[in-house]
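[1] Need coordinates for the below:
(chains A and B)
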Amino acid sequence: MSGVPAYYFLWLSGVIFTVGAVGVLIRRNPLVIFMCIELMLNAVNLAFAAMGRYLNSLDGQVFAFLVITVAAAEVVVGIAIIVQVYRAGRNMDVDELDLMKS
Amino acid sequence: MSVLALLVLLLPLAGFLINALFGRALARQLVGWVGAGSVGLAFGSALAVLVQVAGGQQLDHTYFTWWNSAGFEIPFNLYIDPLSTLMALVITGVGFMIHVYSIGYMAGEDRGGFSRFFAYMNLFVFSMLLLVLSGNFVWLIVGWAGVGLSSYLLIGFWYERTSAVLAARKAFVMNVIGDVGMMFAAFVIFLNLKALDYGTVLQPDRIHQLPKGGTVITAICLLLLVGAVAKSAQLPLHTWLPDAMEGPTPVSALIHAATMVTAGVYLVARMHALYDWAPAAAATVAIIGAVTALFAATIGTAQVDIKRILAYSTMSQIGYMFLAVGIGAYTAGMFHFMTHAFFKALLFMAAGNVIHAFHEDQDIRHMGNVRSGLPITFWTFLIGTLSISGFPLMAGFVSKDEIIRAALTSTGGFVLLGVLALVTAGLTAFYMFRLFLTAFGWEWLGHDERHLHEAPSVQTVPIMILAAGAVFGGAIPVGSFLKPVFGESPAIGSAPFFGVAGLSILVAVIGFAVAYQLYARRPEMAAVVRRRLGPVHAIVEHKYYVDELYDLVFVRPGFAIGRLLRDFIEPRVIDGLVDGTAELFRVEAAEFRSLQTGRVRNYALVTLVGAGFIAGYLFFFVRPA
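    Numbering: from 1, shown residues only, chains lettered A, B, ... in the order given. I've put the predicted structure just below:
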């Protein structure tokens, strides 16, 4: 793996991040949006790990672990909300879920 | 002796605690005898103290240190000398009589009211004893305020009556004015003399470091006087006393005779070392006393409520005492305090019997035929009337004469005050016999034969004991007993002695004769005189319109300010500020409300664009180090 240059990883990370961001913006199913957010997070993780390796520092990996932890917590809360919304019989469409509108 | 002195103080407190905590559960009889017995036992202890004090002992004993901070120490100490012993004896002795009387008088109350009454009465006696026995200003003020509190509770005892509640409130407000004066006096004393205990403050050496008649000492004495005037119902803080008649009659007896109103006299006498060093303040005391004596006596001539007449007579007699202590005749003042306690408690308690007999009607014009119905009450009331009017050799005559003599033989303008006191003596005889002849004596006018019942012996025996005091109290050698406190009283020749005695007998006889003419022999003349006097009579009958004046100057503006605050400041200014702030934010928030679309993807886009901007900024404008 040492032969692969760092910018390859960064390009891959950028592509995955963009796919996730576009998904968040255009998809309307909350579960799919969630998966897209996971994509974005993991793209960032990849960039962290790659740069850590490139700079020969552990900071990148430490950050990656932190992000994984936060992602886990976020998923728990997010899925719980989605399940509750589903149980309440609401349409699974984020454009319809606009109760917070002033 | 330190234990005995403490007992005097603690017994009424124990009575108060027992009756306050368990009074409802105890049998009626027990409540009454706990209330009266605790005061009686305190009287016994005070007698034991008297034996030792008469033997020449004094005491300033510190029981514990109540407050100690950075060298500033407030002890709890009792100061036992002839003066405080005399006060404690009268308070507990006359107080005991009044408590025993109350057992009979308050028998109509239900059990809760009965125990409440005795608890308050014991608290009253305890506060008063703390006031006179305490050896420093802090505990003096505690007792002082305690007396105000318990008088408030007792005056408003029948709290279902609006008038009683109002009277209690009035008394409390007036007393608090005095409390404030006392506290400021204590502050000034502490600032200038660096101590608050009598043992230090009242040392002549200590006081004489201040300039005689200087601002500081005069300020101290005048501030103390504010407290004394409020508590003793002297001009101009006297208006609460007549209203205090709303309380049960034994309360009136206790307030007027043994406790409370004499506190001011005690205060000036106790602080005589200070007043001797502030002649202007002492003169103020004397002038207030003499003017109040005359002022109250004139009002007394035109009232028809038996308790009110007695209330004004109290004001008048306390005025005598103020006059006495103001001109330096402390012994005479304290002597009059003692005899006054006897005859005034007697008069009030006898009046209570009469009021009960006439079914709570207090108008003297409705009374009559007392002698056949209530013979004991009749004769004891007559004794009290003779004593207060200055009938020769009665206790009231002896002590009052001493004051008038002291005033007339003193130097300076005090002679004029002595003349005022003489006139007051005549008026006293007049209004007391007016009361007596009108309320008790209609039988020789052929008045109706109403069926009246004498009070039970639990009420009449205390009155008879006090009647003995009202007759023979003048023989008690108060002067020589108090000599260690006030020093030798100046000797007077026999000429002024008999001269003044003759004068005061003369004015008393004139007062009696006028009253006899107007109210016994030719009652139709009284109406004529009243019509002739016209406006003068109206002014006197309305107590010189002092209540109305205070109402106009203090009460109404107070209410007006209250209404202004309620109707304008509160709804417009305060609410305006609060509501205005809320309104401002509401209007401004409306502008930004459209940002909250509630669409998740919208928010996500905004977040992303924002993140893009931040990333762009970092990329283009922040150079890595």
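
[2] With B:N77 as the reference, measure out to B:L131.
    Separation of B:L131 from B:N77 (CB to CB, to the nearest Å) stands at 14 Å. Quick note: C-beta positions are derived from backbone N, CA and C, even for glycine.

[3] The two - which one has more neighbours?
    B:L131 (27 against 23; other CB atoms under 10 Å in any protein chain shown).

[4] Quick check: mean pLDDT of the strand or helix carrying the more buried one?
    Taking DSSP states H and E as the criterion, B:L131 maps to helix B:111-133. In this model, helix B:111-133 has a mean pLDDT of 88.

[5] List the buried residues in it.
    B:114-133 (16 or more other CB atoms under 10 Å in any protein chain shown).

[6] if I look at B:L437, how far off is B:Y516?
    7 Å.

[7] Among those two, which residue is more densely surrounded?
    When B:L437 and B:Y516 are compared for neighbours, B:L437 comes out ahead with 22 against 16, by other CB under 10 Å.

[8] got the contact list for that one?
    B:515-516, B:519-520 (CB atoms under 8 Å, 6 or more residues apart in numbering or on different chains).

[9] Now do the SS call for the residue of the stretch 301-450 of chain B found nearest chain A.
    Distances between the stretch 301-450 of chain B and chain A by CB to the nearest CB are smallest at B:E360, namely 71.5 Å. Three-state call for B:E360 (DSSP: H, G, I helix; E, B strand; the rest coil): coil.

[10] quick one: the strand or helix carrying B:A582 to chain centroid distance?
    For B:A582, the element it lies in under DSSP H and E is helix B:575-592. Distance of helix B:575-592 from the chain centroid (CA atoms, centre = their mean, to the nearest Å) equals 55 Å.

[11] List the buried residues for the least confident helix or strand in chain B by mean pLDDT?
    Least confident element among the helices and strands of chain B, by mean pLDDT, DSSP states H and E: helix B:370-373 (a mean of 71). Going by neighbour count (16+ other CB under 10 Å), the buried part of helix B:370-373 is B:370-371, B:373.

[12] so what does that helix touch, helix or strand wise?
    helix B:330-357, helix B:375-389, helix B:414-440 (3 or more CB pairs under 8 Å, 6 or more residues apart in numbering or on different chains; DSSP states H and E).

[13] Please work out which of those is packed deepest.
    Most buried of the helices and strands packed on helix B:370-373 by mean neighbour count (mean count of other CB atoms under 10 Å in any protein chain shown) is helix B:330-357; its value is a mean of 28.

[14] ok, B:V423 - contacts?
    So, once contact is read as CB under 8 Å, 6+ apart, B:V423 ends up touching B:294, B:507.

[15] now do B:F381
    By CB under 8 Å, 6+ apart, the neighbours of B:F381 are B:346-347, B:350-351, B:354, B:370, B:436, B:440.

[16] could you pull out the helices for chain A?
    A:6-26, A:30-55, A:59-87 (DSSP state H).

[17] Quick one, which of those helices gets closest to chain B.
    helix A:6-26 (5.1 Å).

[18] what does chain B have sitting close to chain A?
    By CB under 8 Å from any CB of the partner chain, the residues of chain B that approach chain A are B:593-594, B:596-601, B:604-605, B:608.

[19] Buried subset of those as a ChimeraX selection?
    Here the buried members of the residues of chain B next to chain A are turned into a ChimeraX selection, burial being counted by 16+ other CB under 10 Å:
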select /B:599,600,601,604
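
[20] Mind putting the residues of chain B next to chain A into TSV with secondary structure and pLDDT?
    Shown next, in TSV, are the residues of chain B next to chain A (DSSP: H, G, I helix; E, B strand; the rest coil; pLDDT from 0 to 100):
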residue	secondary structure	pLDDT
B:R593	helix	79
B:S594	helix	77
B:Q596	coil	77
B:T597	coil	77
B:G598	coil	75
B:R599	coil	78
B:V600	helix	79
B:R601	helix	81
B:A604	helix	85
B:L605	helix	88
B:L608	helix	89
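
[21] and the angle for the helix or strand encompassing B:T284 with helix B:330-357?
    B:T284 is part of helix B:279-300 when elements are defined by DSSP H and E. Angle of helix B:279-300 versus helix B:330-357, following axes from the mean of the first three to the mean of the last three CA atoms, to 10 degrees, is 20 degrees.
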